[in-house]
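*Asks:* The sequence isn't on hand, but the structure is:
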C-alpha cells in the first residue's frame with residue numbers, strides 16, 4: 001500500500017513537472033512575439049504620421065493645399081503614439097530597460113523640436129499666404145492711384161508701372177524659394193523703391209513706402225518660412241524611429257529563432273504528456289466510483305442536516321441564495337419569496353445595531369459566528385434560533401457566501417423566561433411555589449402553597465412527605481425537569 005502511494009505521488013509529480021514545462025515553453029513561444037509585433041506596428045504608424053506631416057508641409061508651402069486638418073491630425077497621432085509608448089513602457093520588455101529609457105528620451109526631445117518647428121511653419125505660412133494673396137491687388141490699386149494723379153509725368157508713370165510689373169513678376173511668378181533668389185528679389189525691391197522715390201511726387205511717397213514695406217515683409221517672412229520648412233521636415237525623428245525598428249526587428253528575429261526551439265520542445269513534451277494522460281485516464285476510472293460513493297455520502301449528510309436544522313445560504317450582502325424546507329416552515333415564507341431577498345426581511349427589531357455590527361465583525365474576521373437570534377415570521381410571530389454562521393471563501397481567500405445552520409429554541413427560551421419570572425416574583429405568583437433543600441426540607445413557601453402544606457400537614461422547616469422526597473431526589477440525580485399532579489380534597 002505504501003509503495004503504491006509512493007508510485008502515485010511520483011506520477012503526479014511527473015505530470016505536474018511536465019505541465020509546468022509545457023506552460024513555460026508555450027509562454028516563451030508566443031507572448032513576447034506578439035509584444036514585438038505590436039510595438040513594431042506602433043512604430044510603423046509613427047513613421048506614417050511623420051510622412052504625412054512632411055507631405056503636407058510641402059503642399060502647404062507650394063500652395064496646393066490650404067487645409068491644416070491633415071497635418072494637425074498626423075501631429076496629434078504622432079504625439080499620442082510617443083506618449084503611449086512612454087506610458088505603457090512598451091519598449092522596456094522588448095529592447096531592455098536601459099535602451100528603452102534612452103530611446104524614449106530621444107523620441108520625446110525630437111518630437112518636441114518637430115512640434116515647435118511645425119507650429120512655427122504653420123504660423124509663418126499663414127502670414128505669408130495672407131500677404132502674398134493681397135500683394136498683387138495692392139500693386140494694382142497703387143498703379144490705378146498713380147494713373148489718377150495729375151502731378152505725375154507720363155514718362156515717370158510709364159517707368160513706375162514697368163518697375164512695379166517687374167517686381168510683381170519677380171516676386172509672384174519667377175521667384176524661387178532659395179537664399180540667393182531672396183537676395184536678388186530684395187535687391188530688385190531696393191532699386192525699385194529708390195527709383196520710385198526719385199520719380200513720384202510727395203503726395204504718393206507715403207503710399208509707396210507702405211506698399212514696399214508690405215512687399216519686403218512678405219519677402220522676409222518667405223525667407224523665414226523656408227528655414228521653418230527645413231526645420232519641420234527634419235528627418236532626425238524619423239531616422240531615430242527607423243533605427244529603433246531595425247533594433248526591434250533584430251531582436252524579433254532572435255526571439256523567433258528561440259520560439260521555434262521552444263515549439264520543438266513543446267511538441268516533444270506534448271507526446272510525453274499524451275502518454276501520461278493515458279495513464280491518468282485509467283486511474284480516473286477507478287477514482288470515479290469512489291467519487292460517486294463520496295457524493296452519495298455527502299448528499300445523505302445534507303439531507304440529514306436539512307431534516308435536523310434550519311439552513312440558509314446567503315451572499316456577502318446577505319441576499320438569500322438557498323433556504324431549506326425547515327426555514328420555509330418556521331418563517332412562514334415560501335422558498336421563492338425568500339430566495340433573492342435580503343435576510344433583513346426576517347429581522348425582529350429586538351436586536352440593536354451594535355449586535356449586528358459585532359456579528360458581522362466576527363464573521364468577517366474569524367469566519368464564523370455563534371449566538372442566539374430572535375427573528376420574526378411572516379405572521380408576526382417571534383421565534384428564537386441558536387445560530388452558527390460560517391463563511392465560505394473563494395480562491396483569493398475572500399468570503400463570497402455565508403452558510404447559516406440554526407436550531408429552533410423558542411420553547412426553551414419561553415421556559416427560561418417563565419423560570420426567571422417565577423424566581424423574581426414567587427410571592428406574587430398565583431400558583432404554589434416551594435424552595436427545598438436536597439434533603440427535602442422546605443426552605444420557603446409562597447402564600448398560594450399554604451393549601452399544599454395543609455394537605456401534607458407540614459410547615460416551613462419541615463420535610464416533604466417521603467414519596468415527594470423520592471421524586472425530588474430522582475430529578476436531582478437525573479438533572480431533569482418532571483411534571484406531576486397533586487390531588488387535594
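*Replies:* Happy to help now that I have it. Only a predicted model underlies this, so the values are computations on that prediction, with no experimental measurement involved. Residues are numbered from 1 along each chain as shown.

*Asks:* And the chain, what are its domain boundaries?
*Replies:* 123-230, 309-413, 430-489 (automatic domain parsing).

*Asks:* Can I get the ones you listed in JSON lines including distance to residue 303, mean pLDDT and mean neighbour count?
*Replies:* Any C-beta I mention is one placed from the backbone N, CA and C, and that applies to glycine too. As requested, the domains of the chain are exported to JSON lines (distance: least, Cβ to Cβ, whole Å; pLDDT from 0 to 100; neighbours: other Cβ atoms under 10 Å):
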{"stretch": "domain 123-230", "distance to residue 303": "85", "mean pLDDT": "72", "mean neighbour count": "15"}
{"stretch": "domain 309-413", "distance to residue 303": "10", "mean pLDDT": "91", "mean neighbour count": "15"}
{"stretch": "domain 430-489", "distance to residue 303": "31", "mean pLDDT": "84", "mean neighbour count": "12"}
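
*Asks:* any chance you could map the helices in the stretch 301-450 of the chain?
*Replies:* 325-331, 335-338, 353-366, 410-424, 450-456 (DSSP state H, counting those that start in this stretch).

*Asks:* closest one to residue 69 among those helices?
*Replies:* Residue 69 lies closest to helix 353-366 among those, at 57.8 Å (Cβ to Cβ).

*Asks:* Counting by contacts, list what the closest one packs against.
*Replies:* Contacts defined by 3 or more Cβ pairs under 8 Å, 6 or more residues apart in numbering; DSSP states H and E place helix 353-366 against strand 368-376, strand 382-393, strand 399-408.

*Asks:* so what's residue 277 up against?
*Replies:* For residue 277, no residue meets the contact criterion (Cβ atoms under 8 Å, 6 or more residues apart in numbering).

*Asks:* And it, how far from residue 356?
*Replies:* Counting by Cβ to Cβ, to the nearest Å, the gap between residue 277 and residue 356 amounts to 52 Å.

*Asks:* Let me have the domains of the chain in CSV, adding distance to residue 106 as columns.
*Replies:* Conversion of the domains of the chain to CSV gives the following (distance: least, Cβ to Cβ, whole Å):
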stretch, distance to residue 106
domain 123-230, 20
domain 309-413, 43
domain 430-489, 90
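
*Asks:* nearest to residue 269, of the ones you listed?
*Replies:* domain 309-413 (27.1 Å).

*Asks:* what distance separates that closest one from the centre of its chain?
*Replies:* When distances are taken as Cα atoms, centre = their mean, to the nearest Å, domain 309-413 is centred 33 Å away from the chain's centroid.

*Asks:* From start to finish, how long is it in a straight line?
*Replies:* 17 Å (Cα to Cα, to the nearest Å).

*Asks:* What of stretch 339-355?
*Replies:* Its first and final residues considered, stretch 339-355 spans 24 Å by Cα to Cα.

*Asks:* Sketch out the strands for this structure, chain order is fine.
*Replies:* Using DSSP state E, the strands of the chain run over residues 310-315, 320-323, 368-376, 382-393, 399-408, 434-436, 442-445.

*Asks:* for the fifth one, packing partners?
*Replies:* Spelled out, it's strand 399-408. Counting contacts by 3+ Cβ pairs under 8 Å, 6+ apart, strand 399-408 is packed against strand 310-315, helix 353-366, strand 382-393.

*Asks:* cool, the last one as well?
*Replies:* Taking 3+ Cβ pairs under 8 Å, 6+ apart as the contact definition, the neighbouring helices and strands of strand 442-445 are strand 434-436, helix 450-456.

*Asks:* Over to the longest one?
*Replies:* Applying 3+ Cβ pairs under 8 Å, 6+ apart, we find strand 382-393 packed against helix 353-366, strand 368-376, strand 399-408, helix 410-424.

*Asks:* do that again at 10 Å, thanks
*Replies:* In terms of contacts (3 or more Cβ pairs under 10 Å, 6 or more residues apart in numbering; DSSP states H and E), strand 382-393 is packed against strand 310-315, helix 325-331, helix 353-366, strand 368-376, strand 399-408, helix 410-424.

*Asks:* Would you mind getting the angle between it and helix 353-366?
*Replies:* Using axes from the mean of the first three to the mean of the last three Cα atoms, to 10 degrees, the inter-axis angle of strand 382-393 relative to helix 353-366 is 30 degrees.

*Asks:* ok, which stretches of the stretch 51-200 of the chain are helices?
*Replies:* With DSSP H, counting those that start in this stretch as the criterion, the stretch 51-200 of the chain has helices spanning 69-88, 92-95, 97-148, 154-172, 179-199.

*Asks:* Could you provide those in CSV, with additional columns for distance to residue 375?
*Replies:* Converted to CSV, the helices of the stretch 51-200 of the chain look like this (distance: least, Cβ to Cβ, whole Å):
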stretch, distance to residue 375
helix 69-88, 54
helix 92-95, 58
helix 97-148, 62
helix 154-172, 96
helix 179-199, 96
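
*Asks:* Out of those, which gets nearest to residue 369?
*Replies:* Shortest separation from residue 369 across the helices of the stretch 51-200 of the chain is recorded for helix 69-88, at 46.2 Å, computed as Cβ to Cβ.

*Asks:* Give the buried residues for that closest one.
*Replies:* Taking 16 or more other Cβ atoms under 10 Å as the neighbour-count basis, helix 69-88 is seen to contain the buried residues 71, 74, 75, 77, 78, 79, 81, 82, 85.

*Asks:* CSV please, covering these and showing pLDDT and distance to residue 391.
*Replies:* As requested, the buried residues of helix 69-88 are exported to CSV (pLDDT from 0 to 100; distance: Cβ to Cβ, whole Å):
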residue, pLDDT, distance to residue 391
71, 75, 62
74, 79, 57
75, 77, 57
77, 81, 52
78, 78, 54
79, 82, 51
81, 80, 49
82, 79, 50
85, 77, 45
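
*Asks:* so which of the residues you listed comes closest to residue 465?
*Replies:* residue 85 (102.7 Å).

*Asks:* Distance to residue 192 added to the helices and strands packed on strand 382-393, as TSV?
*Replies:* Formatted as TSV, the helices and strands packed on strand 382-393 follow (distance: least, Cβ to Cβ, whole Å):
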stretch	distance to residue 192
strand 310-315	91
helix 325-331	106
helix 353-366	92
strand 368-376	101
strand 399-408	90
helix 410-424	116
